[in-house]
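Trainee: based on what follows, work out the 3D shape:
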Amino acid sequence: MPDSEFALIQDYFTGGGEGPAVRLGIGDDAAALAVPEGHVLQISTDTAVEGVHFLATLSPTEVAYRSVMVAASDLAAMGASPLACLLSLTLPESEPNWLQAFSSGLSEACEQTGLSLVGGDTTRGPLSITVTVMGATPARQFMTRSGAQPDDRLCVSGHLGDAAAGLAISKGELTVEDARNQGLLMDRYERPTARLMLGQTLRDCATACIDISDGLLADAGHVAAASGVAIHIDSASLPLSEALRASVPLSLAQDWALAGGDDYELLFTLPNDMPVPEGCSEIGRVHVGSGISCDRTPEGMGYDHFAR
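Mentor: Modelled structure (predicted):
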């Protein structure tokens, strides 16, 4: 067992700190990064608390992997190229097997996203993980929530609702007889994918963008409010995976797609004359007005961090 905070860092978190932007990594009081000329730094932070954002039964490998991908999804929504990340880890105890598995998931996610781990902090307490991510975009070419215009197309990447089904399986609230479908749905909750390459592509054409973390309706509402427009969502156009369709009634699949959350897909608006990118679906339109409308009303509007 590591005998100090510094030994813990040395044993489990000093790899993966190299990268083209890294001038100084783990080992000093701060890291030093180089931002490409003509670019600006995009920074975001996400905290995950055991029992609030992930189940206590989730393996340490998946806890780490998921934490990095969730944070990196915010960079995708801005259209940023990933540079580096910081990890703040609060642990009830420094158990070597747990730390080794956590470190493995962290390294895998950093490698897949292109993020270099350049620092952070460790302390004792209830299990929580905070990941701060940094990326770069051209100084005048990054996406926000506030640019949607009336008559824009409302589009989304991938499939929606799978993560909510995966969470329900993990909690014992849903039984899926087909082992392959069960694995696919659980994987979407435990191992989300940050759509970084798509985000960088959308910089050239999208008028607004957000990642879907709290649920489609909730996050579409953020875009509508920031842009000063109304958004209508067509439930029949929601992209549902074959695994989800085969596992639950259509009505429940649509409810999870609308309000389940944890999808980490990109929700974006496009001018009417722009084609929808491959792997994405048009699910609605932007109109003059305010608020969100949909022909289906699920229970709840998405995840609320302070709901009891």
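
Trainee: so, low pLDDT: which residues of the chain?
Mentor: For the chain, applying pLDDT under 70 flags the ranges 1-4, 6, 14-17, 300-308.

Trainee: tell me the domain boundaries of it?
Mentor: 5-138, 153-294 (automatic domain parsing).

Trainee: would you work out how far apart the start and end of the shortest one are?
Mentor: The first residue of domain 5-138 is 38 Å away from its last residue (C-alpha to C-alpha, to the nearest Å).

Trainee: isn't residue 281 up against residue 237?
Mentor: Yes. Using C-beta atoms under 8 Å, residue 281 and residue 237 qualify as a contacting pair, with a distance of 6.4 Å. The C-beta positions use only the backbone N, C-alpha and C, and glycine is treated the same way.

Trainee: and these two? Which one has more around it.
Mentor: Set residue 281 next to residue 237 and count neighbours by other C-beta atoms under 10 Å: residue 281 wins out with 18 against 13.

Trainee: next up, the contacts around that one.
Mentor: For residue 281, the contact set (C-beta atoms under 8 Å, 6 or more residues apart in numbering) comprises 155, 156, 237, 238, 239.

Trainee: the first one - how many residues pack around it?
Mentor: If I follow you right, that is residue 155. Neighbours of residue 155 using other C-beta under 10 Å come to 23.

Trainee: what's the answer for the fourth one, then?
Mentor: The local packing of residue 238 (other C-beta under 10 Å) involves 23 other residues.

Trainee: quick check: closest non-adjacent residue to it.
Mentor: residue 257 (4.5 Å; C-beta to C-beta, 6 or more residues apart in numbering).

Trainee: tell me who's in contact with the one you found.
Mentor: With C-beta under 8 Å, 6+ apart, residue 257 has these contacts: 160, 161, 216, 238, 239, 240.

Trainee: just give me the neighbour total for the first one.
Mentor: Around residue 160 there are 30 other residues, counting by other C-beta under 10 Å.

Trainee: equivalent analysis for the second one, please.
Mentor: By other C-beta under 10 Å, 30 other residues sit near residue 161.

Trainee: returning to that earlier point: which ones among the contacts of residue 257 are found in strands?
Mentor: Judged by DSSP state E, strands contain none of the contacts of residue 257.

Trainee: let me see the contact set for the closest residue to residue 124 other than its chain neighbours.
Mentor: Excluding the flanking residues, the one nearest residue 124 by C-beta to C-beta, 6+ apart is residue 91, at 6.2 Å. Contact analysis of residue 91 by C-beta under 8 Å, 6+ apart lists 122, 123, 124, 125, 127.

Trainee: generate a ChimeraX selection restricted to the buried subset of those.
Mentor: Filtering the contacts of residue 91 down to the buried ones (16 or more other C-beta atoms under 10 Å) takes a single ChimeraX command:
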select :122,127
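
Trainee: any idea which of the domains of the chain is most buried?
Mentor: Across the domains of the chain, averaging neighbours per residue (mean count of other C-beta atoms under 10 Å) puts domain 153-294 on top, at a mean of 20.

Trainee: can you give me the end-to-end distance of that one?
Mentor: End-to-end for domain 153-294, by C-alpha to C-alpha: 15 Å.

Trainee: the stretch 1-150 of the chain: helices as residue ranges?
Mentor: Secondary structure of the stretch 1-150 of the chain (DSSP state H, counting those that start in this stretch): helices at 5-12, 60-78, 96-113.

Trainee: which among the ones you listed is found nearest to residue 252?
Mentor: Residue 252 lies closest to helix 60-78 among those, at 23.6 Å (C-beta to C-beta).

Trainee: how far does that closest one sit from its chain's centre?
Mentor: 6 Å (C-alpha atoms, centre = their mean, to the nearest Å).
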